[in-house]
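Participant: I would like the atomic coordinates for the input below:
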Amino acid sequence: MDPDALLGGLDAEQREVATALRGPVCVLAGAGTGKTRAITHRLAYGVASGAWDPRSVLAVTFTARAAGEMRGRLRELGVSGVQARTFHAAALRQLTYFWPRVVGGDPPRIAGSKVALVREAAGRLRLAPAPTALRDLAGEIEWAKVTRTAPTGYVAAAHAGDRGLPGGYDLEAVARVYAGYEEAKRAAGLIDFEDVLLLTVATLEERPDVAEEVRAVYRRLTVDEYQDVNPLQQALLELWLGGREELCVVGDPGQTIYSFTGATPGYLLGFTRRWPTARVIKLERDYRSTPQIVDLANRLLARAGGSGAARLELRAQRAPGPEPTYTGFDDEPAEAAAVTQRIRALIAAGTPAAEIAVLFRVNAQSEVYEAALAAASVPYVLRGVERFFERREVVQAVVLLRGAARVAETTGDDRPLAEEVAQVLSGMGWDPEVTPAGGASRERWESLAALAQLAEELSARDPGAGLRELVVELDERAAAQHAPTVPGVTLASLHAAKGLEWDAVFLVGLVDGTLPIVHAVTAEAVEEERRLLYVGVTRARVHLALSWALARSPGGSRSRRPSRFLEGVRPASSGPGPAVRGRPGARRAEVRCHACGRLLVSATDRKRGRCEGCPPAYDEDLYARLKSWRLERARADSVPAYVVLTDATLEAVASRRPEDVASLAAIPGIGAAKLERYGSALLAMVAGRPAPAPEVTEG
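Facilitator: Residues are numbered from 1 along each chain as shown. As a prediction, the model looks like this:
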């Protein structure tokens, strides 16, 4: 393999990545910029040039699909021996190998479903969570474990992390469920996927001999999607490194959308602080999307708050295509009908159904699109609506496939993999020729069909693969929640769409309260919602449609407004506009922090013109005089100080220094009544004069 030949098809920045063989290296790679191509060529070039022993390289990804894609590309490049695994798969491999020496005996089995154990723990506490609440509780336990929070410390950590009320339960109840979950797991002799990482970390921390043995094998590390690393994964990564610098990380701060799971972009954004000598390379040439889609993506992120130091400006490399469309509808059924009509037109024009996606913010939005597509006889597949590997039929099928794998090893059965899997699934009543019309029966059929198709795909990639290899792949996919699918139009949440791409993408239900979601109340949470829309936009190659509905049902109140993220990026004549309170045409102005530039969301922050943690821009002496006056006024009126005027309003007065009644009235928090009561005193203090003494209110 000629090392120089590996560099021939790369652009200048990708070639820089491929030849940066000494760490630390930080690659900031935008959506569609060929990051997988760049890092696989780096791995191949390191091996082909003789600089690296392939057995000393570990490439870590977040999904089994990404790991499989990386292994496939390395094979195409003529490289063998490099390990490409998910965090969980790499940790499980090490834990299984060292367990007999460190603990003794066989390692415990991995729980197939966290939800079942959560249900058991909740039942012992006489709680009966609904299915959605069970998933919320399971997700909260995952968050606690990846942030290395024990049940005893959960309440304090949840308060600090502003975790809300998971599953609708108070934090003390969640802590008890968490403790009960751990007890149920131990009683059953099981561990979960977070335990795999926790136990591996503990082994490497407590056994220096084991840590040195691992480091002797894996001398060079590459981590993909580094913006999604959580504290537990970072701890494991640092133990693998052991203070060495042979590390290459790849990520995009603009695609940070998993902070609610414990992930943080801080490790990516702070990489050069940790590694001052790090080489930073930016990939900004977008090979996926048309210039029209790339332009929209850039404009979306350009309106984001915060530092732009790590922001990437994508440059489209494809030929021009159609402009993205922006359409408002009176209600959701009308929106779904129009989207379905356009999907049928795309399919008729030659776009495969599997190359079309309908993406939404929350899973509940899928129902109206399922109905519309089914009515139009358009095949579709749900992705991420429920955790695939926690579905009852999938759990049952995996158990049966695992058993069949053991039998096949004993008997030496060498039938084709697809045939063996079809036989197992047919025993569950699955018939590939009979597709149920809808509902639970259709979901069950799709789940089993996806397993059958996965077997066919595995056979195509590896003709020698059998049931054992299929079960291993299913375990890795379960760890990464990477579900297989069947052909059809994809219906998926924006989170589930991360890492995927289609020829045509429909972003639907884009209204305030849904995107950004209603509980995104901090500036940081709102900016993550903006990045979520950015991820959705950058999934599209050629066709992109953005839409919203002003009412949920026909004839309902048209009280919704298009997502604030569309302000300034969509044309004015794009369908029904927002129903707003106040004067016709009134819109809520965008307010940004004077210090850091972030978009201000809460009324308090908007009023004072800055984030809570940013330095003020007002005259502090004037602000102190205003607060002293307010205290006297509150005592005179026998009311709390905030009833007179809030701190945010006083800050706004001190910042804007209004010179007349009209300017004072423009400050939020000063209505007609307060203007009449306090206006003269406020204007006097701004002008440097003493405020008139307040009159004492009788009674």
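
Participant: so where's the longest strand in this structure?
Facilitator: strand 540-549 (DSSP state E).

Participant: Packing partners of that one?
Facilitator: helix 291-302, strand 325-329, helix 332-348, strand 502-507 (3 or more CB pairs under 8 Å, 6 or more residues apart in numbering; DSSP states H and E). From N, CA and C alone the C-beta is placed, and that goes for glycine too.

Participant: So which bits of the lengthiest helix in the chain are buried?
Facilitator: Ranked by residue count under DSSP state H, the longest helix found in the chain is helix 439-461. For helix 439-461, the neighbour count (16 or more other CB atoms under 10 Å) marks 442-455, 458-459 as buried.

Participant: Stretch 224-239 too?
Facilitator: For stretch 224-239, burial by neighbour count (16+ other CB under 10 Å) applies to 224-237, 239.

Participant: Low-confidence regions, the protein specifically.
Facilitator: Filtered on pLDDT under 70, the chain yields the residue ranges 1, 305-310, 384-388, 390, 435-443, 479-486, 572-617, 694-699.

Participant: Next one: Glu206 relative to Trp502, how far apart?
Facilitator: 47 Å (CB to CB, to the nearest Å).

Participant: Let me see the ranges of the helices in the stretch 401-550 of the chain.
Facilitator: 417-426, 439-461, 467-480, 523-537 (DSSP state H, counting those that start in this stretch).

Participant: Kindly reformat those as JSON lines containing distance to Ser663.
Facilitator: Shown next, in JSON lines, are the helices of the stretch 401-550 of the chain (distance: least, CB to CB, whole Å):
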{"stretch": "helix 417-426", "distance to Ser663": "73"}
{"stretch": "helix 439-461", "distance to Ser663": "60"}
{"stretch": "helix 467-480", "distance to Ser663": "57"}
{"stretch": "helix 523-537", "distance to Ser663": "26"}
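
Participant: To Pro100, which of those helices lies closest?
Facilitator: Proximity to Pro100 (CB to CB) singles out helix 467-480 among the helices of the stretch 401-550 of the chain, at 19.8 Å.

Participant: And that closest one, what does it pack against?
Facilitator: Applying 3+ CB pairs under 8 Å, 6+ apart, one finds that helix 467-480 makes contact with helix 64-76, strand 83-86, helix 87-102, helix 193-206, helix 392-411, helix 417-426, helix 439-461.

Participant: how about the helices of the stretch 401-550 of the chain, which one is nearest Thr200?
Facilitator: Closest approach to Thr200 among those is made by helix 467-480 (12.8 Å; CB to CB).

Participant: who's in contact with that closest one?
Facilitator: 62-65, 67-68, 85-86, 88-89, 92, 110, 112, 193, 196, 389, 398, 401-402, 404-405, 408-409, 417, 420-421, 451, 454-455, 458, 462, 482-484 (CB atoms under 8 Å, 6 or more residues apart in numbering).

Participant: Of these, just the buried ones, ChimeraX syntax please.
Facilitator: Selection of buried members from the contacts of helix 467-480 for ChimeraX, criterion 16+ other CB under 10 Å:
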select :62,63,64,65,67,68,85,86,88,89,92,110,112,193,196,389,398,401,402,404,405,408,417,420,421,451,454,455,458,482,483,484
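
Participant: Give me the more crowded residue out of Glu206 and Trp502.
Facilitator: Taking neighbours as other CB atoms under 10 Å, Glu206 and Trp502 compare with Trp502 leading, 24 against 10.

Participant: contacting residues for the more buried one?
Facilitator: 355-357, 490, 539-541.

Participant: And those residues, which is closest to Glu632?
Facilitator: For these, the nearest to Glu632 is Arg539 (58.7 Å; CB to CB).

Participant: Tell me how many other residues surround that closest one.
Facilitator: Neighbours around Arg539, by other CB under 10 Å: 26.

Participant: before we move on, what about the one 3 residues further on?
Facilitator: Taking other CB under 10 Å as the neighbour definition, Val542 ends up with a count of 20.

Participant: Dump the C-alpha coordinates for the strand or helix carrying Leu237 into CSV.
Facilitator: Element membership of Leu237, judged by DSSP states H and E, is helix 231-241. Only the C-alpha atoms of helix 231-241 are listed here, as CSV (Å, rounded to 0.1, in the frame of the first residue of the first chain):
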residue,chain,number,x,y,z
PRO,A,231,-17.6,12.6,32.3
LEU,A,232,-17.5,8.8,32.7
GLN,A,233,-16.3,8.3,29.1
GLN,A,234,-13.7,11.1,29.6
ALA,A,235,-12.4,9.4,32.8
LEU,A,236,-12.0,6.2,30.9
LEU,A,237,-10.2,7.9,28.0
GLU,A,238,-7.8,9.6,30.4
LEU,A,239,-7.0,6.2,32.1
TRP,A,240,-6.4,4.7,28.6
LEU,A,241,-4.0,7.5,27.9
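
Participant: Off-centre distance for it?
Facilitator: Distance of helix 231-241 from the chain centroid (CA atoms, centre = their mean, to the nearest Å) equals 21 Å.

Participant: and if you look at stretch 331-343?
Facilitator: 26 Å.

Participant: tell me which residues in it are buried?
Facilitator: Buried, per 16+ other CB under 10 Å, within stretch 331-343: 331-340, 342-343.

Participant: per-domain residue ranges of the chain.
Facilitator: Domains of the chain are assigned by automatic domain parsing as 3-94+197-283, 112-187, 289-386+483-579, 388-480, 620-686.

Participant: can you redo the ones you listed as CSV with distance to Gly105?
Facilitator: Shown next, in CSV, are these (distance: least, CB to CB, whole Å):
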stretch, distance to Gly105
domain 3-94+197-283, 14
domain 112-187, 15
domain 289-386+483-579, 33
domain 388-480, 20
domain 620-686, 62
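
Participant: Which of those domains sits closest to Gly104?
Facilitator: domain 3-94+197-283 (13.0 Å).

Participant: number of nearby residues for Arg124?
Facilitator: Close neighbours of Arg124, defined as other CB under 10 Å, add up to 14.

Participant: Surely it touches Gly180?
Facilitator: Yes: here Arg124 reaches Gly180: they are 5.5 Å apart, a contact under CB atoms under 8 Å.

Participant: mind checking which of the helices and strands packed on strand 540-549 is nearest Gly81?
Facilitator: Closest among the helices and strands packed on strand 540-549, using CB to CB: strand 502-507, at 34.1 Å.

Participant: picking that back up, and the contacts of the helix holding Leu237?
Facilitator: 58, 60, 87, 91, 145-148, 194, 197-198, 200-201, 204-205, 211, 214-215, 218, 221, 223, 229, 247, 262, 264, 267.

Participant: cool, stretch 85-104 as well?
Facilitator: With CB under 8 Å, 6+ apart, stretch 85-104 has contacts from 58-64, 66-67, 83, 105-107, 110, 193, 196-197, 199-200, 203, 207, 210, 214, 233, 236, 476, 479-480.

Participant: That'll do, ta.
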